[in-house]
Each structure stands twice: as C-alpha cells, then as structure tokens.
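Novice: Sequence plus the predicted model coming up.
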Amino acid sequence: MRLHVPTPLRWGDLDAYGHVNNARMLSLLEEARIQAFWVSDDTSEHAVGATTAVLDATPGATTVTLIARQEVEYLAPIPYQRQPLDIELWIGHMGGASLDVCYEVFSPGGVDPRTLYTRATTTIVLADAASGRPRRISDAERAAWTPYLGEPLAFRRR
C-alpha cells in the first residue's frame, strides 16, 4: 500500500531551464514526507498521512529525525504546473531505529499520460532529542507504518 501526497510546486522550485531544479527535488520530497509522517493540527480522517502521522515535530519533542542517506534518480524534467504533483510514498525497509522511505514522483492526478518524473529513497534515523543517539522505533510507530511496508526501490544504475 502507498500514500499519495499531493505536493504543489512553487515558482522558486524552477531553474533557468523552466523545470524543477534537481536540488529543489529534495525539498519537495521533504514536504511530502512531513505531510505523511509528522503529526499536524489537522487530525481529520481525510488528512494526508492521518494514520501514519505519528512523529511529533513540535518544539520540545523527545524525538528528532536525522537523514542518514538519500538517493535520487531523475527520469524526466518536471515542468511548472499549477496542479500538485502526486508523490507516492511507502516504506522500503524498517529496521530497529531507522526506516527507508521510498518515493515515486508522478504528474498531477488526472493528467494524461501519467508521467513518472523521479524515484528516490531517504534513510531516516530516529534519535533521542536529548542525547542525539538513535532510539528504537516504538510499537505505535511500527503499527502505523507496517501497512505501508513494501518492496524497496531498485535503482537503474549503481
């Protein structure tokens, strides 16, 4: 199962060629990840990540998330569009204190033909905010994320 996170483009995401800059793609993936996994003020059933949003990112939270690794494969340039991109997320691996979030970035929903622009994986380590040391994924986090556990991405070139 995958989460579908509609993620709007901003004018500042574009480069001189009129498409999304490769470095800005990391920010777009971050936006989708935050919507999917961080607790927000919107707790309605229709909120993106309503069942998976279990990480507290408020000031004073006891857990911080650290990015240990990112790999991105750019497949096609993303032109500016007013409709949000459809970023699909799932977990490709869940360890003791880390997880690999996988992404596929598609053209906006309803746009034909559907275009796959980018594939990526981010390794996130959960850490204790006070000590900075990795901490175990809790039972509640594991329960929320297990339904979204799937095959990890196999990148074309390594």
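Specialist: Cool, the structure landed. Because the structure is predicted, anything quoted here is derived from the model rather than measured.

Novice: Sheet-wise, list the partners of the strand or helix carrying residue 104 with their directions.
Specialist: If you go by DSSP states H and E, residue 104 is part of strand 98-106. Paired neighbours of strand 98-106 in the sheet (DSSP bridges): strand 85-94 (antiparallel), strand 116-128 (antiparallel).

Novice: Show me the shaky parts of the chain.
Specialist: The chain contains residues with pLDDT under 70 at 40-50, 158.

Novice: Just give me the residue closest to the centre of it.
Specialist: residue 33 (3.0 Å; C-alpha atoms, centre = their mean).

Novice: List the contacts of the nearest residue to it once chain neighbours are set aside.
Specialist: Spatially, and ignoring its direct neighbours in sequence, residue 33 is nearest to residue 101 (5.9 Å; C-beta to C-beta, 6 or more residues apart in numbering). Backbone N, C-alpha and C define where each C-beta goes, glycine included. Neighbouring residues of residue 101 by C-beta atoms under 8 Å, 6 or more residues apart in numbering: 33, 36-37, 89-92, 121-122, 124.

Novice: report the angle between the axes of the helix ranked longest in the chain and strand 85-94?
Specialist: Ranked by number of residues, the top helix in the chain under DSSP state H is helix 22-37. If you take axes from the mean of the first three to the mean of the last three C-alpha atoms, to 10 degrees, helix 22-37 sits at 70 degrees to strand 85-94.

Novice: any residues touching the helix or strand following helix 22-37, and which ones?
Specialist: Using DSSP H and E, the helix or strand that follows helix 22-37 in sequence is strand 63-74. With C-beta under 8 Å, 6+ apart as the test, strand 63-74 has contacts from 22, 25-26, 29, 55-57, 98, 117-129, 132, 135, 153, 155-157.

Novice: Please check those residues and keep the buried ones.
Specialist: Using 16 or more other C-beta atoms under 10 Å as the burial test, these include 25, 29, 55, 98, 117-127, 135, 153 as buried.

Novice: who does the residue nearest to residue 33 bridge with?
Specialist: Per DSSP bridges, the residues bridged to residue 101 are residue 91, residue 122.
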